[in-house]
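1. Here is a sequence together with a model predicted from it:
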Amino acid sequence: MLNIGRRYLQAWPVFLALLFLVIQVITNLWLPTITADIINKGIAQKDMGYIWTMGAVMLAVALASWISAIINVYYASKQSQLLGRNLRHDVFKKVMFMDDAAFHDFGDSTLITRTTNDVTQLQNVFQTMLRMMLMAPMMLIGSIFMAWNLSHSLMLVFAVSLPLLTLAVVINMGIAMPRFRSMQGLVDRINLVFQQGLTGVRVIRAFNRDDYEVKKFDKANRDLTHTSRVVLTTVAMLMPIMTVILSFTNVAIVWFGAKLIGNSAMGMGNLVAFLTYASQILMSFMQLSAVAVMVPRAQVSAIRVREVLEREDKVLDPEVFGQTDKSEISLEFDHASFKFDEAERNALSNLTATVKTGQTLAVIGGTGSGKSTLINLVARLMDVTEGSIKLSGVDIRQMPQQELHDKIAITQQKAVLFSGTVRSNLDFGKPDATDEEMWEALKIAQAADFVREQGGLDMEVEQNGANFSGGQRQRLSIARTLIKPASCYLFDDSFSALDFATDAKLRHAINSSEKHKDKIKIIVAQRIATVMNADQILVLENGQTVGLGRHELLAKNCPQYQEIMRSQLSDKDLREMGVELKSLKGGDSL
C-alpha cells in the first residue's frame, strides 16, 4: 500500500496537508490549557480583563485550528481523489494492453471489482491517512504529555482504561479481519453472477432457468450479506464498548479530581483541562481503532490492484525492430505452434503455410481445432510458443505492436459494438474516414440498406448493439474492419449469422473491391460454401494440419474435409464433386 502512495501521491501537497495537520493538533492541544488559565486566573480571581484577553487568544487559536483543518481536508481530499483517478487510469490502461492469457486468468468480473471497489478502498484510506491516521497518534501522544503535566496522580486512571481499550480492539480486529479479506472475493463473485445473468438473459429465459439464476444470485448475495453483517456488527460493537470505558474513565477522573481539589492539590481549571485531554486521549484511541479496521482491508485491495499492475506481459515490443519488405505483402506460418499454460497438448501444432498478396486463406475445422487460436496468434494477442509467424518477411514478434496492428484489421468471433452511433463505431477502423468511405464499407459488408433505412450514419447504437440482430451486428463489425486501411484482413467466423445469399454477396464484394482485392484475407468459417472459393483452405483437427490446398484437391484427398462436406451438402452436390457417400458418425442423416 505504501508503494502505491509513494507512486501516486505528490510530495508538496502531502507536505502542506501534514503541515496544517500539525498546526491543527498544536492548536487543539493548546485550547484546554487556555481554558484552565481562564478558570484558574480569570474566573477564580474575578479578573475580567484577563478573561477577555485570554478569550480573544482562545478565539484566535480556535480560528487557526479551523482554517488549518479546512486546508488539511482540501489537500487530503484532492490528493486521495487524484490517487484514485490515476490508479484507475493505470489499471484500465494495463488491462487494455494485457495479453489474452492474462485477461482470462483474471476474468472480467474481478478486473471490474479491482478497478472500482478496490481503488475506492485505497482512495478512502489515503484520505484517512492524511487526516485521522496521522492526527490520532499525534493527538494521543500530545494529550498524554499535556495531561501528565497537569496531574501525575490522575494519569493512573489510564493505567486501567487504556489496557481495556487495547484488549477490546485486539479481540474485535481478530474477529473482523479474516472476514474483511474474504469480502472482496465475495464482491467478485456477485459481480460475476450478475454479469452472467445480464449477458445471458435471453438464454436464461429461453431455457426457463429464471428461478435457478435468481437462486444463484440470491446465494451469492446472501453470502456477501452474511459476511458483511458479521464484520460490520463486530466493528459496530467496538464503539459502544469504548464509549462505556470512556464514560467510566471520566467518572473516575471527576471522582479522584474532586478529592484533589478538596485537598487543594489541584485547581478547578486544571481538572476541566484534564477532562478535555482525557477525552482527546480516548477519542484518539477510538480513531486509531477505526484506522485499524480500514488499513488491513485497504492492504488487501492494494495487493489485488498491484497484481494487475505488476502482471508480467508476455507479449512485448522488441528492443530492435525488424524491417518489413514493402515490395510485397505476405504472411508466412513457419512451423508455428502454441500451447496454453498448463495445457497437456498444443492448441496449434507445427503449422506451415504461406499466404501472398491478394490471396485468401480459409480455415475450417471442428470446435476446438485451433481456428481462433490461429487468428489470435496473427493479431499477436498471444505469442507462438514454437516456430514463428512472419508478415512481409519479418517475424511479427520483431515488430512494434502498434505497427503490427496498423497492418491488421480483425473481426472477432463475437461481434462487439460500442454504444454511440454507427459513425462512431466505424471511426474505430479509421478515425478520419469520410462519409463516402463509410458508406462504401457498409455497402461491401451488405449493411448499407438497413443503416440507411434506420437513420443513416448517425443512428443510435445501444450498448453491445442491442438494437440490432445478430446478422446486422456482424455486418457492422465487418464494415468496421473493412474501412481500416490494412495489409491483412482477419475474419474469425464472422459470417456465421449471415444467410447463404448475404454471405456469398459479401465475400464477392470484398474480392472485387479495389481496396481489398490485393490484400491478404484469412477467413475462419464453419461452412463449406464460405471457404470453397478460397485460394487455399487449411483444415485443422485437434490443432493439427490435416489438409492444405484448394477445394477440389481437398474434396478428393482429405477425409476430414470430406466429412465436413458430407455433413453440409446434398447427395447430388457430393456426387458432382466426386465425394463418396458415407453415413455420418452417430447415425446422423444428411
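-> Structure received.

2. Buried residues, the helix or strand harbouring Asp573. List them.
-> In this assignment (DSSP states H and E), Asp573 forms part of helix 571-576. Within helix 571-576, the residues scored as buried using 16 or more other C-beta atoms under 10 Å are Leu574. Quick note: C-beta positions are derived from backbone N, CA and C, even for glycine.

3. pLDDT weak spots in the protein?
-> Where the chain drops to pLDDT under 70, the residues are 320-327, 576-590.

4. tell me the centre residue of it?
-> Leu111 (3.3 Å; C-alpha atoms, centre = their mean).

5. what about the helices in the stretch 201-350 of the chain?
-> Residue ranges of the helices in the stretch 201-350 of the chain, as given by DSSP state H, counting those that start in this stretch, are 201-206, 210-262, 268-309.

6. can you pull the buried residues of stretch 535-555?
-> So, applying 16+ other C-beta under 10 Å, buried residues of stretch 535-555: 536-541, 543-549, 551, 554-555.

7. which residues touch it?
-> When contacts are defined by C-beta atoms under 8 Å, 6 or more residues apart in numbering, stretch 535-555 is touched by residues 345-353, 355, 359-366, 368-371, 373-374, 531-534, 557-558, 560-562, 564-565, 577-579.

8. Can you give me the end-to-end span of it?
-> With C-alpha to C-alpha, to the nearest Å as the measure, stretch 535-555 spans 14 Å from end to end.

9. roughly how far apart are Phe468 and Phe500?
-> Phe468 sits 20 Å away from Phe500 when distances are taken as C-beta to C-beta, to the nearest Å.

10. okay, these two: which has more neighbours?
-> Neighbour totals were compared for Phe468 and Phe500, and Phe468 leads with 22 against 11 (other C-beta atoms under 10 Å).

11. Might you report the residue contacts of the more buried one?
-> Phe468 neighbours (C-beta under 8 Å, 6+ apart): 417, 461, 476.

12. May I ask which of the residues you listed has the most neighbours?
-> Ranking the contacts of Phe468 using other C-beta under 10 Å puts Leu476 first, with 25 neighbours.

13. wait, what's in contact with Ala447?
-> By C-beta under 8 Å, 6+ apart, the residues touching Ala447 are 472, 475-476, 478-479.

14. export those residues to a markdown table and tack on distance to Asn172?
-> Formatted as a markdown table, these follow (distance: C-beta to C-beta, whole Å):
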| residue | distance to Asn172 |
| --- | --- |
| Gln472 | 58 |
| Arg475 | 60 |
| Leu476 | 57 |
| Ile478 | 60 |
| Ala479 | 60 |
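
15. related to what we said a few turns ago, select, out of the helices of the stretch 201-350 of the chain, the one closest to Asn124.
-> Nearest of these to Asn124, taken as C-beta to C-beta: helix 268-309 at 7.1 Å.

16. Which strands or helices does the closest one pack on?
-> helix 2-8, helix 11-37, helix 48-96, helix 119-128, helix 134-150, helix 158-199, helix 210-262 (3 or more C-beta pairs under 8 Å, 6 or more residues apart in numbering; DSSP states H and E).

17. Against Leu374, how distant is the closest residue to Val14 other than its chain neighbours?
-> Closest residue to Val14 apart from its sequence neighbours, by C-beta to C-beta, 6 or more residues apart in numbering: Gln79 at 6.1 Å. Taken as C-beta to C-beta, the spacing of Gln79 relative to Leu374 amounts to 48 Å.

18. swap in Leu482?
-> For Leu482 relative to Leu374 (C-beta to C-beta), the value is 21 Å.

19. what does Ala102 give?
-> Note on Ala102: its distance to Leu374, by C-beta to C-beta, is 20 Å.

20. Settle it for me: which of those two has more neighbours?
-> Leu374 (28 against 17).

21. tell me the SS of that one?
-> helix (DSSP: H, G, I helix; E, B strand; the rest coil).

22. For it, give me its contacts.
-> 348, 351, 363, 522, 524, 540 are the contacts of Leu374 under C-beta under 8 Å, 6+ apart.

23. contacts for the helix or strand containing the second one?
-> So that's Leu351. According to DSSP H and E, Leu351 maps onto strand 348-356. Contact partners of strand 348-356, identified using C-beta under 8 Å, 6+ apart, comprise 328-338, 361, 370, 373-374, 377, 386-387, 520, 522, 535-536, 538, 540, 543-545, 548.
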